[in-house]
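Enquirer: sharing a model that was predicted from the sequence below.
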Amino acid sequence: MSELPTRYGTIIKTLRKYFNITQSKLSKKTGFSQNTISNHENGKRNIGFNEIETYSKALGVPSYIVHRISDEIKEKGYSPTLNDFSIFDKMYHYVKKAYYNEGDIYFSSIDLYDETIELLELLKEKKIDVNKVSYEYVLDLYKQIVSNDLDVSKTNYETLAKNRKLNDNENNVQLGEIVEFQENYFELMSKNLDTYDDRKKALEEIEGLKEQAIKIGERLRLAPNKQYEAIKGEPMYKLFLYKYPDRLEAQKNNILEKGNN
């Protein structure tokens with residue numbers, strides 16, 4: 001089993017404390033002994049890819065986020081996301097909720113992590129208190145971004161937060177399938193591909209996800225979101241019909257190339 005850098009132990013420890021989970025409770029959730037968890041967290045023992053998946057499920061944090069936090073630490077020497085995880089956690093759940101519930105909403109990318117970071121940086125630049133930002137405000141912020149008519153101000157925030165009304169029964173297009181696909185996609189893209197069996201399994205999963213993406217895209221195309229039809233951007237159905245399959249095909253080629261080396 002491939003091992004990851006010891007910084008992963010620090011990430012797990014920080015997230016565990018953030019969620020107020022004791023080592024004893026985490027031991028019951030993961031099946032790891034408290035001694036193993038302690039050694040992982042204190043850098044005395046490396047963590048494997050499969051163990052990260054187990055930790056992530058127990059903590060309720062996608063392994064994809066754990067890996068992105070690790071990338072930040074590797075690049076910067078620290079992780080802004082991990083240092084202020086409560087802010088990231090709030091905005092990430094808003095972005096995730098919008099992505100899964102707004103059928104044809106428009107986004108600048110299909111990466112929920114990048115979306116969250118981009119919005120947080122924008123709010124910080126405009127000195128908006130993230131703790132006071134509502135879900136409704138996030139939706140309107142997206143509309144402004146893609147319309148190239150960005151006006152992020154305290155006055156605008158207060159107006160939007162007070163006046164915006166959403167129809168909660170509208171645009172829940174294939175929610176269960178979208179959630180399942182997103183989780184499987186991120187898991188696939190961060191998988192360990194060191195062995196032949198790992199690569200073989202990943203290639204099989206890619207074909208299944210490509211088929212699933214196209215089916216979801218077709219359904220989303222049949223249920224347009226009238227609320228956002230006037231916005232210039234890319235509707236979600238195109239992401240599933242075209243972008244996801246293209247990215248999966250690129251990942252397939254990368255795996256095949258790695259297998260030939």
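Expert: Perfect, thanks for sending it.
Enquirer: for the rest of this, base every contact and every neighbour count on C-alpha atoms.
Expert: Fine.
Enquirer: now that residue 255 has come up, it's in contact with residue 197, right?
Expert: No: between residue 255 and residue 197 no contact is recorded; they are 11.6 Å apart, counting by Cα atoms under 8 Å.
Enquirer: between these two, which has more neighbouring residues?
Expert: residue 255 (19 against 10; other Cα atoms under 10 Å).
Enquirer: what pLDDT is listed against the more buried one?
Expert: pLDDT, residue 255: 87.
Enquirer: quick one: pLDDT of the closest residue to it other than its chain neighbours?
Expert: With sequence-adjacent residues excluded and distances taken as Cα to Cα, 6 or more residues apart in numbering, residue 255 is closest to residue 199, at 6.4 Å. In this model, residue 199 is scored at 88, pLDDT.
Enquirer: the closest residue in space to residue 80 that isn't next to it in sequence - how many residues pack around it?
Expert: Nearest residue to residue 80, sequence neighbours excluded (Cα to Cα, 6+ apart): residue 72, at 7.8 Å. By other Cα under 10 Å, the residues close to residue 72 number 15.
Enquirer: so residue 72, which state does it fall into?
Expert: Here residue 72 is recorded as helix under DSSP: H, G, I helix; E, B strand; the rest coil.
Enquirer: hey, which helix is longest across the chain?
Expert: Longest helix in the chain by number of residues, with DSSP state H as the criterion: helix 196-221.
Enquirer: check which residues of it are buried.
Expert: 199, 202-203, 205-206, 209-210, 212-214, 216-217, 219-221 (16 or more other Cα atoms under 10 Å).
Enquirer: tell me the helix or strand right after that helix.
Expert: helix 236-238 (DSSP states H and E).
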